[in-house]
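Enquirer: 3D, please:
(2 chains)
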Amino acid sequence: MGVAIEVSDLNAWYGTNHTLQSISLKIPANHATALIGPSGCGKSTFVRCLNRMHETNPIGRVTGTVRVGQTDIYAQSSPVEIRRRIGMVFQRPNPFPTMSIYDNVASGLRLNGYRNRKVLDEVVERSLQQAALWDEVKNDLKKKSGASLSGGQQQRLCIARALAVDPEVMLMDEPASALDPVSTAKIEDLIFQLKSQYTIVIVTHNMQQAARVAENTGFFLNGKLVEFDATHKIFTNPTDKRTEDYITGRFG
Amino acid sequence: MASTTAMPPPLRARASNRFLRVVVNHLATAAAIGSTILVMAPLIAIFAYLLFKGASSLNFAFFTQVPKPVGELGGGMANSILGSGILLAIASLMGVPIGIAGGIYIAEFGRNKRLANMIRFTADVLNGVPSIVMGIAIYTLIVVPQKHFSAFAGGVALGIMMIPTITRTTEEMLLMVPLNVREAALGLGVPNWRSVLSITLRTASPGVITGCMLAFARVAGETAPLLFTALGNQFWSTNVNQPIAALPLQIFVYALSPYDDWHRLAWAGALVLIVLIVVSVALVRYVAGRGVLKGAS
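Expert: Got it, this is the predicted structure:
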């Protein structure tokens, strides 16, 4: 089951560039939350702070607190445990190119030391079914490389890979921006189904997408969270003038 | 489009250029093919000449017998073939792991650190050290204290020569692995060291293997570092603490001798050496390539 995320006074830097300024918000459990805003506004940095990926960049720095469920993730010394609980799907599909489809999905468990083949078989099948990819690949699981799939299939493979480690939260950083409309629709259907079990945070440039999949939407601008509210409120009756300008296409 | 005046005329209208374009196209193709032939010509010439000179002296005895004393015709280089195998095994056991480990450190853990820069610089210098100097160094470091020549000393000399090539190729290949593949592993909650070994190194492995084979092929033909280390041997020996025969050494000795029979054996030895190198490189590539799946590049 998914857990809620509570962010308070989060600041992030790239070198001397203050990318995120004092962000505070509560992301409800088992819902999809969309983050919108123009390029470079900090929304990708924000999700990367939620699983401590931001600090993998040598010049990245973070202050503030992020609570996922009961855990203050920045109070723990190792980010590894955190990232197992908080799965991530990236903008460009990034399957491991030298691994088969099966090995890709099993990689998260295998690299953490699980070896039981029966359990792995089950997890791989369940994850691929959750990601709506099972029927398309079930005959080539160990024969084909993950990189041989189409872009949309690769992205669903990456979602299956993230689901296989049984996370509580799924972070998606523009998961459909590199895909065609058909694949995009499949990913959106998937988000719809997954949010009953996981807390989903999705960064998107596509405002219709945000409106379609998310109950709540946050609008970022220049490193600040301008407005965070129910999606229908953001899109029909925003409180802030800048939000209204952005969603009506007046800038950005 | 506000102004169309600056636009070039459409392609169809420039039919007069067509002849010129066809000519330039053919010239460029011819230049590319010519360069390819130039690159391949020396290799083919050497191989053809070796076949011509050496193939006639190859016989069963060459692969089964040890050298005969001066004055007796016949004999073979079986002990040299085995000796080269032992020397290269020692060299690879030492050079491949150290070389790859060094490359991993430079590329993954020591970025922008002084130690990494020092290793990189040392590797480049080591790559430029003449092989005869490597022989003298190992002579002083191992042969003199032990008071005897040995296969071990020869293997160490070759192994050290393999390290810089392997380290630098490993580094280059690891740096070519895209950031998003590394992030995928970290995002799954895989510890960094595990991600480096199981994901980054694995993704880079075809290139790393090529680097190892390059280094292997290079030292397989080295004579100079073996002169004062492995020394050479006219008899069967598999003892790594004793002097051992090696194909390049035996070719060297025979080629400089005044006997026609030995000259013929030297040509045959050179042919066998090249064939063995090509076969072992091809074999490793085949074995390493068998694990590659459909669609993986």
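Enquirer: of all of the stretch 1-150 of chain A, which residue lies closest to chain B?
Expert: For the stretch 1-150 of chain A, the residue closest to chain B is A:S148, as judged by C-beta to the nearest C-beta, at 2.1 Å. Placement of C-beta: from N, CA and C, glycine included.
Enquirer: What separation is there between that residue and A:L120?
Expert: Using C-beta to C-beta, to the nearest Å, one gets 21 Å for the distance from A:S148 to A:L120.
Enquirer: repeat for B:G102
Expert: Applying C-beta to C-beta to B:G102 and A:L120 gives a distance of 34 Å.
Enquirer: who has more neighbours, these two?
Expert: More crowded of B:G102 and A:L120, by other C-beta atoms under 10 Å in any protein chain shown: B:G102, with 23 against 18.
Enquirer: touching chain B at all, stretch A:65-74?
Expert: No - between stretch A:65-74 and chain B, judged by C-beta under 8 Å from any C-beta of the partner chain, nothing touches; the nearest distance is 12.2 Å.
Enquirer: With just CA atoms, put that stretch into PDB.
Expert: Written as PDB, here are the backbone C-alpha positions of stretch A:65-74 (Å, rounded to 0.1, in the frame of the first residue of the first chain):
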ATOM      1  CA  THR A  65      12.900  17.300   5.500                       C
ATOM      2  CA  VAL A  66      11.000  14.800   3.500                       C
ATOM      3  CA  ARG A  67       8.800  12.200   5.300                       C
ATOM      4  CA  VAL A  68       7.700   9.200   3.500                       C
ATOM      5  CA  GLY A  69       5.200   7.400   5.700                       C
ATOM      6  CA  GLN A  70       6.900   7.400   9.100                       C
ATOM      7  CA  THR A  71      10.500   7.800   7.700                       C
ATOM      8  CA  ASP A  72      12.400  11.000   7.500                       C
ATOM      9  CA  ILE A  73      14.400  10.000   4.400                       C
ATOM     10  CA  TYR A  74      17.200  12.500   4.900                       C
END
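Enquirer: Figure out how far that stretch is from the centre of its chain.
Expert: Centroid separation between stretch A:65-74 and its chain, computed with C-alpha atoms, centre = their mean, to the nearest Å, is 17 Å.
Enquirer: what about the residue of the stretch 1-150 of chain A closest to chain B, neighbour count?
Expert: 19.
Enquirer: now do the one 10 residues further on
Expert: By the other C-beta under 10 Å criterion, the neighbourhood of A:C158 contains 27 residues.
Enquirer: Pull the contacting residues for it.
Expert: A:V89, A:F90, A:P93, A:N94, A:P95, B:A184 (C-beta atoms under 8 Å, 6 or more residues apart in numbering or on different chains).
Enquirer: What is the three-state secondary structure of it?
Expert: Using DSSP: H, G, I helix; E, B strand; the rest coil, the structure places A:C158 in helix.
Enquirer: what about it, distance to A:E122?
Expert: 20 Å.
Enquirer: Could you do B:L82 as well?
Expert: From B:L82 to A:E122 the distance is 51 Å (C-beta to C-beta).
Enquirer: Looking at those two, which has the bigger crowd around it?
Expert: More crowded of B:L82 and A:E122, by other C-beta under 10 Å: B:L82, with 18 against 11.
Enquirer: any idea which helix or strand carries that one?
Expert: B:L82 belongs to helix B:78-104 when assigned by DSSP states H and E.
Enquirer: Okay, strands next: where are they in chain B?
Expert: Taking DSSP state E as the criterion, chain B carries no strands.
Enquirer: Low-confidence ranges, it, go.
Expert: Chain B contains residues with pLDDT under 70 at B:1-16, B:291-297.
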